[in-house]
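Engineer: one predicted model, sequence on top.
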Amino acid sequence: MGRYRVRVATGSFAFSGSTNQVQLWLVGQRAEAELGMQLRPTRGQMEDFEVDVSEDLGPLLFVKLQKIHLFLKDAWFCNHITVWTFEKSMEKEIVFPCYRWVQGDGIICLPEATAWTMGKDVQGLFQKHREEELEERRRLYRWATWKKGILLSVDAKSEKDLPLDVRFHENKKIDFEGTLIAGMTEIALKRTYTLLSSWSSLEDFDQIFWCSKNTLAKKVRQSWKDDDFFGYQFLNGVNPTVLRRSTSLPTRLVIPPGAEEIQIQLEKKLQEGCLFEADFSLLDGIQPNVIQGERQYLAAPLVMFKMEHDGKLLPMAIQLQPPCSSSPVPPLFLPSDPSLTWLLAKAWVKNSDFQLHELQAHLLKTHLVAEVFAVATMRCLSGMHPIFKLLIPHLRYTLEINTRARTKLISDGGIFDQVVNTGGGGHLEVLRRATACLTYRSLCPPDDLADRGLLGIPSALYVHDALRLWDIISRYVQGIVHLHYSEDKVVQNDPELQNWCREITEIGLHGAQARGFPVSFQSRADLCYFLTMCIFTCTVQHSGINQGQLDWYAWVPNAPCTMRQPPPTTKDVTLEMVMATLPNIQQACLQMTISWHLGRFQPDMVPLGQHKEEYFSGPGPKAVLSFFQEELNTLEKEIVARNKNLDLPYEYLQPSRIENSITI
Ligand SMILES: CCCCC/C=C\C/C=C\C/C=C\C/C=C\C/C=C\CCC(=O)O
Ligand SMILES: [Fe+2]
């Protein structure tokens with residue numbers, strides 16, 4: 001009974017509006033009212049109207065909507081519906097978030113925005129809605145085993161099979177596909193340009209080193225041979241995930257006869273606590289690719305580093321293959337070796353680092369893990385659930401980019417098969433091995449960085465920024481969790497949440513409880529830690545691992561995608577051997593293009609914590625989000641100030657450059 005003002009907000013990106021008419025209902029605790037056919041939603045608009053309702057609806061619970069079409073079904077992207085009621089001359093605003101496509105002619109039911117766990121709904125007002133919603137979502141988002149031994153993924157053969165709500169919007173799709181076309185055109189031009197020229201010296205890589213390069217890429221081209229630059233990359237480059245402080249000399253480090261001096265030096269550094277290692281044993285025994293009939297080669301190196309007083313990390317020795325009883329002790333390559341020998345040994349390390357970076361650190365530990373969070377969230381948490389509202393902005397576009405990776409990147413005949421030496425199946429085995437040793441601790445920087453002995457190193461900028469961001473995210477998460485869970489018991493008694501946790505660990509992560517992942521949450525603290533890990537992985541960690549592809553992979557000799565000759569077993573290395581080993585022109589061009597495609601700034605990127613969607617209602621969650629944004633802003637300023645004094649600014653974890661979800 002009374003007058004209602006209704007506002008319908010439509011999305012602002014291409015095709016958000018609809019030529020179809022929309023029918024609305026207000027559903028209250030006592031009755032519901034059909035509002036009549038009121039509008040054709042227009043892109044980017046807020047459309048307001050007022051209605052008089054004769055029945056007493058009671059407190060409003062839902063808005064229902066249905067799109068009616070005559071001929072053409074025209075999907076509509078509804079942001080939210082807001083209703084104002086007037087009671088005793090007081091105006092009350094009630095928001096019904098949507099942020100979804102309204103398709104077909106089914107009725108969509110939007111509950112009021114207050115986040116409710118099931119336990120809070122003592123009257124069971126929303127129980128039926130939640131059950132139906134989750135039943136529908138479980139039908140739409142199904143688990144699939146893409147390849148045995150790898151994390152489960154969403155069931156979609158191509159991006160076209162995905163529900164429209166998780167597809168790229170038109171602008172993102174055009175940008176993504178347009179960039180690929182531009183990249184392929186660039187390769188064709190480079191191929192034409194290099195057709196008649198020779199490919200016999202390292203400087204010949206300059207012939208393709210145009211387009212897709214930036215200031216840091218040019219610096220890489222200048223300095224890639226320097227040992228301190230090589231070491232720097234293990235701390236602050238595109239892959240800061242392999243390095244660890246040595247606690248003993250690695251067992252695989254068998255010292256060949258005549259190299260006893262290096263053992264003494266290594267032991268000295270170990271005693272001083274400044275010996276570090278990067279071990280690529282995970283690649284040992286992986287079958288290398290065959291590209292266009294030509295066998296490629298792989299190594300599984302170990303690099304030993306020392307840290308100088310000024311924070312520089314310098315390589316001391318490289319062993320390219322682990323020792324094996326049937327072969328002579330592998331040589332140790334040293335900085336004192338002939339310069340080309342040492343350079344080739346370092347190039348082998350960087351090729352191995354490329355594999356672990358892209359397959360383990362990037363694909364598995366950000367993209368695929370985030371996909372598990374996304375599928376479990378869609379299947380287990382109602383849109384009314386506070387944790388759904390917290391996480392959903394951090395899951396945008398992840399299902400589509402991963403589906404594209406499975407069809408174009410790591411697929412049969414995909415980019416890995418075409419130009420990477422683990423391609424042709426080895427890359428799947430690397431993913432399997434990496435999955436088998438994926439631990440919960442390794443996804444949580446306070447644990448991971450402590451386990452790797454990397455705390456308290458002033459020159460470790462990734463470490464510093466990652467830990468600051470972890471703390472900031474953890475306070476944000478705690479703010480939201482504490483608003484909705486008054487005590488540990490409420491966490492323990494939340495069936496949707498517990499089911500979400502179990503589904504992630506037991507199903508999506510493929511039985512990962514043995515590796516420390518929880519199967520239930522017993523306390524608010526448990527829950528906060530896990531959610532911090534989820535958001536950190538989908539935002540900070542991915543940005544730290546993804547953006548550098550553009551900088552560090554454009555100058556191909558710095559991180560070759562494949563190696564065409566076996567690793568050297570002696571120290572006699574010639575320029576011909578180096579050039580015959582590094583990628584050929586075609587492979588190098590594709591590496592540059594794809595690295596640019598994936599690492600460049602995304603025009604529609606949403607920075608961390610800056611999403612515009614308001615899933616929550618009320619002042620509490622708003623204040624928590626504002627505080628999160630303030631803390632990010634303060635960190636932004638600190639990082640900018642710090643970077644001003646550095647030769648090589650570390651910008652990947654500057655909050656304004658961190659994307660709110662994995663979209664590329
Ligand atoms: C040779 C350089 C390859 C570097 C990239 C390797 C791994 C990246 C890991 C995760 C990226 C995730 C998603 C990207 C998905 C698809 C885009 C890639 C290629 C598209 C090619 C195409 O669509 O034709
Ligand atoms: Fe990525």
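Structural biologist: Thanks, I have the structure now. Ligands and ions are numbered 1, 2, ... in the order given.
Engineer: now Ala374: which helix or strand?
Structural biologist: helix 369-380 (DSSP states H and E).
Engineer: what about that helix, near ligand 1?
Structural biologist: No. Applying CB under 6 Å from any ligand atom, one finds helix 369-380 out of contact with ligand 1, separated by at least 10.6 Å. Where C-beta positions appear, they are placed from N, C-alpha and C, glycine not excepted.
Engineer: now do that helix: which elements does it pack against?
Structural biologist: Counting contacts by 3 or more CB pairs under 8 Å, 6 or more residues apart in numbering; DSSP states H and E, helix 369-380 packs against helix 127-140, strand 153-154, helix 386-391, helix 398-404, helix 495-502.
Engineer: list the strands paired with the helix or strand following the first one, with their directions.
Structural biologist: Moving toward the C-terminus from helix 127-140, the next helix or strand (DSSP H and E) is strand 143-144. According to DSSP bridges, strand 143-144 forms sheet pairs with strand 153-154 (antiparallel).
Engineer: ok now the strand it pairs with, how far from the chain's centre?
Structural biologist: Between the centre of strand 153-154 and the centre of its chain there are 15 Å (CA atoms, centre = their mean, to the nearest Å).
Engineer: do you know how far the residue of the stretch 151-300 of the chain found nearest ligand 1 is from Trp596?
Structural biologist: Using CB to the nearest ligand atom, the single residue of the stretch 151-300 of the chain nearest to ligand 1 is Leu180, 5.3 Å away. Per CB to CB, to the nearest Å, Leu180 is found 10 Å from Trp596.
Engineer: Glu159 is in contact with Asn402, isn't it?
Structural biologist: No. Using CB atoms under 8 Å, Glu159 is not in contact with Asn402, being 9.4 Å away.
Engineer: so for the two, which sits in the more crowded spot?
Structural biologist: Legend: neighbour count by other CB atoms under 10 Å for Glu159 and Asn402, higher for Asn402 (24 against 19).
Engineer: residues contacting the more buried one?
Structural biologist: For Asn402, the contact set (CB atoms under 8 Å, 6 or more residues apart in numbering) comprises 153-154, 367-368, 370-371, 662.
Engineer: give me that answer again for 10 Å
Structural biologist: Residues near Asn402 by CB atoms under 10 Å, 6 or more residues apart in numbering: 146, 153-154, 156, 159, 162, 363, 367-368, 370-371, 374, 409, 662.
Engineer: just those residues now: which is nearest Pro328?
Structural biologist: Nearest to Pro328 among these: Leu363, at 35.5 Å, using CB to CB.
Engineer: does that closest one touch Val420 like I think?
Structural biologist: No. At 11.9 Å, Leu363 and Val420 do not qualify as touching, with contact defined as CB atoms under 10 Å.
Engineer: now do the shared contacts for these two.
Structural biologist: 409-410, 427.
Engineer: can I have the buried ones of those as a PyMOL selection?
Structural biologist: Of the shared contacts of Leu363 and Val420, the buried ones go into a single PyMOL selection, burial set by 16 or more other CB atoms under 10 Å:
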select buried, resi 409+410+427
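Engineer: using a markdown table, lay out the shared contacts of Leu363 and Val420 together with pLDDT.
Structural biologist: Below are these laid out as a markdown table (pLDDT from 0 to 100):
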| residue | pLDDT |
| --- | --- |
| Leu409 | 98 |
| Ile410 | 98 |
| His427 | 98 |
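Engineer: neighbour count winner among Leu363 and Val420?
Structural biologist: Higher neighbour count among Leu363 and Val420: Val420, with 31 against 23, using other CB under 10 Å.
Engineer: for the closest residue to the more buried one other than its chain neighbours, give its distance to Ala436.
Structural biologist: Distances taken as CB to CB, 6 or more residues apart in numbering place Cys561 nearest to Val420, at 5.0 Å, with adjacent residues excluded. According to CB to CB, Cys561 and Ala436 sit 25 Å apart.
Engineer: when these two are compared, which one has more neighbours?
Structural biologist: Cys561 (28 against 13).
Engineer: neighbour-wise, which of Leu180 and Trp596 wins?
Structural biologist: Set Leu180 next to Trp596 and count neighbours by other CB under 10 Å: Trp596 wins out with 22 against 14.
Engineer: isn't that one up against Trp210?
Structural biologist: No. Trp596 lies out of contact with Trp210 (CB under 10 Å); the separation is 11.6 Å.
Engineer: where does this structure dip in pLDDT?
Structural biologist: Where the chain drops to pLDDT under 70, the residues are 37-38, 196, 212.
Engineer: any residues of it in contact with ligand 1? List them.
Structural biologist: Applying CB under 6 Å from any ligand atom, we find that the chain lies next to ligand 1 at 180, 358, 362-363, 367, 401, 404-405, 408-409, 415, 419-420, 561, 590-591, 594-595, 598.
Engineer: which of those residues are buried? Put it as a ChimeraX command.
Structural biologist: Selecting only the buried entries of these in ChimeraX, with 16+ other CB under 10 Å as the criterion:
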select :358,362,363,367,401,404,405,408,409,415,419,420,561,590,591,594,595,598
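Engineer: which ones among the residues of the chain next to ligand 1 lie within helices?
Structural biologist: If you go by DSSP state H, these have 180, 401, 404, 415, 419, 590-591, 594-595, 598 in helices.
Engineer: nearest to ligand 1: which residue in the stretch 251-400 of the chain?
Structural biologist: Residue nearest to ligand 1 within the stretch 251-400 of the chain (CB to the nearest ligand atom): Glu358, separated by 3.6 Å.
Engineer: contacts only, for that residue.
Structural biologist: Glu358 neighbours (CB under 10 Å, 6+ apart): 238-239, 364, 409-410, 415-416, 420, 422, 427, 430, 545, 549, 553, 559, 561, 594-595, 598.
Engineer: got the CA coordinates for stretch 303-323 in PDB?
Structural biologist: Output of stretch 303-323 as PDB, limited to C-alpha atoms (Å, rounded to 0.1, in the frame of the first residue of the first chain):
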ATOM      1  CA  VAL A 303      72.100 -21.800  -9.900                       C
ATOM      2  CA  MET A 304      73.900 -20.800  -6.800                       C
ATOM      3  CA  PHE A 305      74.000 -17.100  -5.900                       C
ATOM      4  CA  LYS A 306      75.700 -14.900  -3.300                       C
ATOM      5  CA  MET A 307      74.100 -11.700  -2.000                       C
ATOM      6  CA  GLU A 308      76.500  -8.800  -1.800                       C
ATOM      7  CA  HIS A 309      76.400  -6.200   1.000                       C
ATOM      8  CA  ASP A 310      74.800  -3.700  -1.400                       C
ATOM      9  CA  GLY A 311      71.900  -6.200  -2.000                       C
ATOM     10  CA  LYS A 312      73.100  -7.400  -5.400                       C
ATOM     11  CA  LEU A 313      72.500 -11.000  -6.100                       C
ATOM     12  CA  LEU A 314      75.300 -12.500  -8.200                       C
ATOM     13  CA  PRO A 315      75.400 -16.000  -9.700                       C
ATOM     14  CA  MET A 316      78.400 -18.000  -8.500                       C
ATOM     15  CA  ALA A 317      77.900 -21.300 -10.300                       C
ATOM     16  CA  ILE A 318      75.500 -23.100 -12.700                       C
ATOM     17  CA  GLN A 319      74.900 -26.800 -13.000                       C
ATOM     18  CA  LEU A 320      72.700 -27.400 -16.100                       C
ATOM     19  CA  GLN A 321      71.700 -31.000 -15.400                       C
ATOM     20  CA  PRO A 322      71.400 -33.000 -12.100                       C
ATOM     21  CA  PRO A 323      74.000 -35.600 -11.800                       C
END
